[in-house]
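[1] after the sequence you'll find the predicted model.
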Amino acid sequence: MTTRQRMRAAGAALAAWALLGPLPAAAQEHWPAKPVTLLVGFAPGGGTDLIARQVAPRLSELLKQPVIVENRAGASGTIATAAAARARPDGYTLLLGHVSSNAMVPAIMPKLPYAAARDFTAITLIGSVPQVVTVPASLPPKTLQEFIAFAKTKPGGVNYASSGAGTQQHFAAELFQQATRTTMTHVPYKGSGAALADLIAGQVDVNFDTVPTVLQQVKAGKLRALAVTSRQRAASLPEVPTVIEAGVPDYEIGAWYMLMGPAGLPKPVVDALADAMNRTLQSPEVRDKLAALGTDVAGGTPAQAQDYLKAEIARWSKLAADKHIVAE
């Protein structure tokens, strides 16, 4: 099953949530009685942070308590993820889960302070976004094929940025090199914001970050988008071809975001959070904002989210082993 098919299956139940009544009564009576913290494993300005800040205000309204976005950046998102795994399972510390820290990094770093498949409660899949192959506007290549030719003339001399080892940018670049028979040098950063700044300045040559992260810089002409990594073009960048359209067969990768909590969250809390998140994703204002960021909105039940997470952990573990992608 492709990434898009899994997304569609996970999101099939979203419309039904709009027809439901108030939040579950048990959850309303006992939880939440104080502010809820939503941990984000990456620095402000990156795609994960942008998604979190679009959904948090509406969640706050529905839960009738502040939902506070807290950035704990570093170590490819694993600092915040580990903190969420250690948190008390009472519903007051949640995680904006991400494909990097919850599926990719565990595939190449088995000695993490958390177990990806055991230490979390999957609540709702928020959505996914494609990545964009972007270069500084000053770099000579104007198309993806021109960039591939450029990279082949400088084996190891082209630098690609990422927000850390094991992140979706790292995986995307490694897969790209294997598919195009190019050799590039990895320059990991502590977050997308710093990587983006150096990309704009021409300190690095290419990045494979998400649509939300690079969209405004592409539209401002500071970055050049060569291709998107999904099988279909991004609605927010309709003029940009896919990597497949640009001549690299069967290349597809993207980033997903999921509301998660520590293992052992009580079912009434999980149900209330899933209800609130699905209602949030049904809000026209939120949907419009997420769509503007290039997000393919999902939604769905905790069971669907759990199945999706399990499949993604297995997918990236197999891919890392098959393609020999390792931590550096």
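    Nice, thanks for sending it over. These figures come from a predicted structure and were not determined experimentally. Numbering: from 1, shown residues only.
[2] tell me where the chain has helices.
    With DSSP state H, the ranges of helices along the chain come out as 3-10, 14-17, 25-30, 47-63, 78-86, 99, 105-108, 144-152, 168-180, 192-200, 211-219, 267-282, 284-292, 302-323.
[3] could I get these in JSON lines, plus columns for mean neighbour count and distance to Arg231?
    C-beta here means a position set from N, CA and C on the backbone, and glycine is covered the same way. Shown next, in JSON lines, are the helices of the chain (neighbours: other Cβ atoms under 10 Å; distance: least, Cβ to Cβ, whole Å):
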{"stretch": "helix 3-10", "mean neighbour count": "17", "distance to Arg231": "6"}
{"stretch": "helix 14-17", "mean neighbour count": "16", "distance to Arg231": "21"}
{"stretch": "helix 25-30", "mean neighbour count": "14", "distance to Arg231": "38"}
{"stretch": "helix 47-63", "mean neighbour count": "22", "distance to Arg231": "19"}
{"stretch": "helix 78-86", "mean neighbour count": "22", "distance to Arg231": "28"}
{"stretch": "helix 99", "mean neighbour count": "26", "distance to Arg231": "17"}
{"stretch": "helix 105-108", "mean neighbour count": "24", "distance to Arg231": "22"}
{"stretch": "helix 144-152", "mean neighbour count": "18", "distance to Arg231": "15"}
{"stretch": "helix 168-180", "mean neighbour count": "23", "distance to Arg231": "14"}
{"stretch": "helix 192-200", "mean neighbour count": "22", "distance to Arg231": "23"}
{"stretch": "helix 211-219", "mean neighbour count": "22", "distance to Arg231": "14"}
{"stretch": "helix 267-282", "mean neighbour count": "22", "distance to Arg231": "22"}
{"stretch": "helix 284-292", "mean neighbour count": "15", "distance to Arg231": "18"}
{"stretch": "helix 302-323", "mean neighbour count": "17", "distance to Arg231": "16"}
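[4] closest to Leu39 out of the ones you listed?
    Of all those, helix 78-86 sits nearest to Leu39, with 4.3 Å by Cβ to Cβ.
[5] tell me what angle that closest one forms with helix 47-63.
    Relative orientation of helix 78-86 versus helix 47-63 (axes from the mean of the first three to the mean of the last three Cα atoms, to 10 degrees): 30 degrees.
[6] test my guess that Asp231 contacts Val243.
    I think there's a mix-up here, since residue 231 is Arg and not Asp. No - using Cβ atoms under 8 Å, Arg231 and Val243 do not qualify as a contacting pair, with a distance of 9.3 Å.
[7] and the helices of the chain, which one's lowest on average pLDDT?
    Of all these, mean pLDDT reaches its minimum on helix 14-17 (a mean of 52).
[8] between Arg231 and Val243, which is the more surrounded one?
    Neighbour comparison, Arg231 and Val243: the larger count goes to Val243, with 29 against 17 (by other Cβ atoms under 10 Å).
[9] contacts only, for that one.
    Residues in contact with Val243 (Cβ atoms under 8 Å, 6 or more residues apart in numbering) are Val133, Leu144, Phe176, Ala227, Val228, Thr229, Tyr251, Glu252.
[10] turn the residues you listed into TSV, including distance to Gln203.
    Shown next, in TSV, are the contacts of Val243 (distance: Cβ to Cβ, whole Å):
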residue	distance to Gln203
Val133	17
Leu144	21
Phe176	20
Ala227	22
Val228	24
Thr229	23
Tyr251	26
Glu252	29
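[11] filter the residues you listed down to just the ones in strands.
    Val133, Ala227, Val228 (DSSP state E).
[12] just those residues now: which is nearest Ser60?
    Nearest to Ser60 among these: Val228, at 32.2 Å, using Cβ to Cβ.
[13] once you drop chain neighbours, what's closest to Gly294?
    Nearest residue to Gly294, sequence neighbours excluded (Cβ to Cβ, 6 or more residues apart in numbering): Val211, at 3.0 Å.
[14] right, and that neighbour touches Leu237 too?
    Yes - using Cβ under 8 Å, Val211 makes contact with Leu237 at a distance of 6.8 Å.
[15] what sits in contact with each of those two?
    With Cβ under 8 Å, 6+ apart as the test, Val211 and Leu237 both reach Val132, Val228, Gly294.
[16] Gln232 is in contact with Ile244, correct?
    No - Ile244 lies out of contact with Gln232 (Cβ under 8 Å); the separation is 9.7 Å.
[17] wait, what's in contact with the residue nearest to Glu174 when sequence neighbours are not counted?
    Distances taken as Cβ to Cβ, 6+ apart place Ile325 nearest to Glu174, at 5.0 Å, with adjacent residues excluded. When the contact criterion is Cβ under 8 Å, 6+ apart, the partners of Ile325 are Ala107, Ile108, His170, Phe171, Glu174, Leu319.
[18] Met104 versus the last one, what's the distance?
    It refers to Leu319. According to Cβ to Cβ, to the nearest Å, Leu319 and Met104 sit 9 Å apart.
[19] joint contacts of the two?
    Phe171.
[20] would you mind measuring from Thr153 to Glu174?
    Taking Cβ to Cβ, one finds Thr153 at 20 Å from Glu174.
[21] actually Ala52, sorry about that
    Taken as Cβ to Cβ, the span from Ala52 to Glu174 is 27 Å.
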